[in-house]
Structures are given as structure tokens and as C-alpha cells.
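Visitor: when you get a sec, could you give me coordinates for this:
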Amino acid sequence: MIWFLLAALLPGLYWEQGVETAPALKKAGLQRVYVPAEHEQAWRAAGFTAVAFDPQRHAKAEAPGVQYRLSVASATSVPWIDANGWRFQRNVGKTWSYSVPARKAALAMAEPYAYGVDAVVRLDPPDLDLFARMLAFLRRIDRPRMPALANIGIVDDGSDVTGEVLNLLARRNLLFKVLMAPDPRYDLNVRIGSKEYPEEEAADPYTFAGKLRYQLTDEKRLVRIYGSDVVLVRLTGDGERARLHLINYANRRVNGLRVRMLGEYRAGELAAFGIDNAALLDYAARDGATEFTVPDIDTYAVVDLVKR
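Guide: This next block holds a predicted model:
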């Protein structure tokens, strides 16, 4: 039963091609496929576990990636990350449908896997091998899920203003949990529209996110990263173990990412998609924190840590 639950969280492939393309899927090592309802029986007859799927009946995920926009303050460009993590946290329990352009299949798989949500990916057919390689990687690293860890609790009123705040917090790696009511377990509890957090302030999400970071203080942040503006993190843990997800939204590798986590973890193990023999560098656990360097990140990496 546990295996079944874990497998259900691995991203699925939505394949609109006819059953004559079955040899390509078999060559890629794929046995389970999501298909238009009218193709379901043909794919089952070809020996596949075929599931009828209509992308229009499920939540739509945006194609993830980075856009570079000209900075208002200078002539340089700044990265704008298109990510869905904040949407996943706001809409728990939904199945998500991705439709992604060429070379985005791996990123569209890593993102929902990191957040533990069900997702089905419609990809550019030439990316079938990329899909298969990422799926094999996710199967290899898959572990029982642990609770998400965060510093900030956000009481969600469902408004667009709150949605933009969640988006900015995620892009700045300020870890949050969407709540129905304040929870004392979090360092900050934020209800937009309250006296402390008026809606007028939240209407400027950039400034508002900066305010929350100032109130939290960097010293209390569970995770801080240095060396990249295009890597977003998610942290899960149970008090003795932790898993840090690192998602690179850019089209190129990130080199020399430095990470600082609260808590002293005795050991950490790195697994990085597309990188053989990946290992952490300059690992140190002292003074209530753990620091290390991730030498290279292609699309996605996880760091598993233990305290004892």
C-alpha cells in the first residue's frame, strides 16, 4: 500500500499520439500512460496501463521557467521565475495538468514531485526520453513523505492580493504554510487585512515580502541559499531527518550554490538529476546550523540530511 501511494505521486505522461507510437514508449521504459478517453482501450490492448485523462477537467499549471526582465533601477535584467509551488500550496488535493514546450519536461516533473502533488505532463514528443530519464531519477530517490517545514503562516482569504504575496514569498525562498487560521508553531502569522498587515501594504507584494523578511530576520530562516536567483527550495522534515528540494528554473546549470540550514545535521547526501557521483562540498554543522555547497544543479536536486 505504501508503494502504491508513493507511485501515485510520480508525474504521469499525457500522450495524445496514437497506439502506433507504442514502440517509442516501450523503448523509453514507460508502461503507464494517460491518454484521451477514445484511445484508452487501444493502449490497454497494446499492453500499457492506460488511464483516460482530460486536461481541461483538472487544475492548470503554468509552464515553469525564467523570464529575464529589464530592471527599473538599472540597465541589467533580473530573473522572473514562473513557478507553481505557491499554487500547489494554496490548492491542496488537486490534480494538475501541465502543457510544456520543448526541453521543459524535466522541470515540469520536478516541480510537482517536490511538492508532493499529482500531476500529468503533456510534453513535446521529442522530449519523451527526457521524461523517462527524470522519471527514473525520481523513482530512485523516492522516499516516504515528511511534513513541509516553514517559518511563516499565511491565512489565505482566497484573494488575488494574497496570491501575489504567496508568489513573491516563494520566489524569495521565504518558506510559508497556507493556513485557515493562525498557528503558533510558525515564527510569523500573517492575515492580510488585519491591523498589522493591511491590504494596502500587501497590494505592493515586493515591499510586503521585504517587510515579512525583516520581521522574521534572516537568522531564523530555516533555509538560506547563496549564489543563485533562479533556484527555489522546499524543505520537509520530521525533527531528526530533513529533505531539501532544489529546483533550478533556468535553462543552464547553476554552479557553486551555498546553502545554510537551521539545525545541526550530522550528515547530508546529495542526489542531482543528470549529474553522476554528485556530492556535497565544504560540509559543516556547528553553532546551531548546517552549511554546505552544492557543486552543480542541472534541473533538480535533493539533499537528505540526518541529525544523528
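Visitor: mind checking what secondary structure the residue nearest the centre of the chain has?
Guide: In the chain, the centroid-proximal residue (C-alpha atoms, centre = their mean) is E111; its distance is 3.5 Å. Recorded secondary structure, E111: helix (DSSP: H, G, I helix; E, B strand; the rest coil).
Visitor: what sits against it?
Guide: 61, 64, 83-85, 119, 247 (C-beta atoms under 8 Å, 6 or more residues apart in numbering). In this view, the C-beta of every residue, glycine as well, is placed from N, C-alpha and C.
Visitor: let's see it at 10 Å
Guide: Going by C-beta atoms under 10 Å, 6 or more residues apart in numbering, E111 touches 11, 61, 64, 83-85, 88, 96, 98, 117, 119, 121, 232, 234, 245, 247, 249, 299-300.
Visitor: just R224 next, same as before
Guide: R224 neighbours (C-beta under 10 Å, 6+ apart): 173, 218, 233, 258-262, 289, 291.
Visitor: now the residues you listed as a markdown table including neighbour count, secondary structure and distance to V51?
Guide: What follows is the contacts of R224, written out as a markdown table (neighbours: other C-beta atoms under 10 Å; DSSP: H, G, I helix; E, B strand; the rest coil; distance: C-beta to C-beta, whole Å):
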| residue | neighbour count | secondary structure | distance to V51 |
| --- | --- | --- | --- |
| N173 | 19 | coil | 35 |
| D218 | 9 | helix | 45 |
| V233 | 21 | strand | 32 |
| R258 | 15 | strand | 42 |
| V259 | 21 | strand | 38 |
| R260 | 16 | strand | 42 |
| M261 | 25 | strand | 38 |
| L262 | 18 | strand | 41 |
| A289 | 15 | strand | 45 |
| E291 | 17 | strand | 44 |
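Visitor: out of these, who's nearest K26?
Guide: Among the contacts of R224, V233 lies closest to K26 (C-beta to C-beta), at 36.3 Å.
Visitor: how far away is the closest one from R172?
Guide: As judged by C-beta to C-beta, to the nearest Å, V233 and R172 stand 11 Å apart.
Visitor: check A61 too.
Guide: 21 Å.
Visitor: same question for E196.
Guide: 20 Å.
Visitor: and the two? Which one has more around it.
Guide: Comparing E196 with R172 by other C-beta atoms under 10 Å, the one with more neighbours is R172, at 16 against 12.
Visitor: skip the chain neighbours and tell me the closest residue to the more buried one.
Guide: In space, and not counting its chain neighbours, R172 is closest to A209: 5.6 Å by C-beta to C-beta, 6 or more residues apart in numbering.
Visitor: just the element for the one you found, please.
Guide: helix 205-216 (DSSP states H and E).
Visitor: which secondary structure elements does that helix contact?
Guide: Applying 3 or more C-beta pairs under 10 Å, 6 or more residues apart in numbering; DSSP states H and E, one finds that helix 205-216 contacts strand 152-155, helix 160-171, strand 188-191, helix 199-202.
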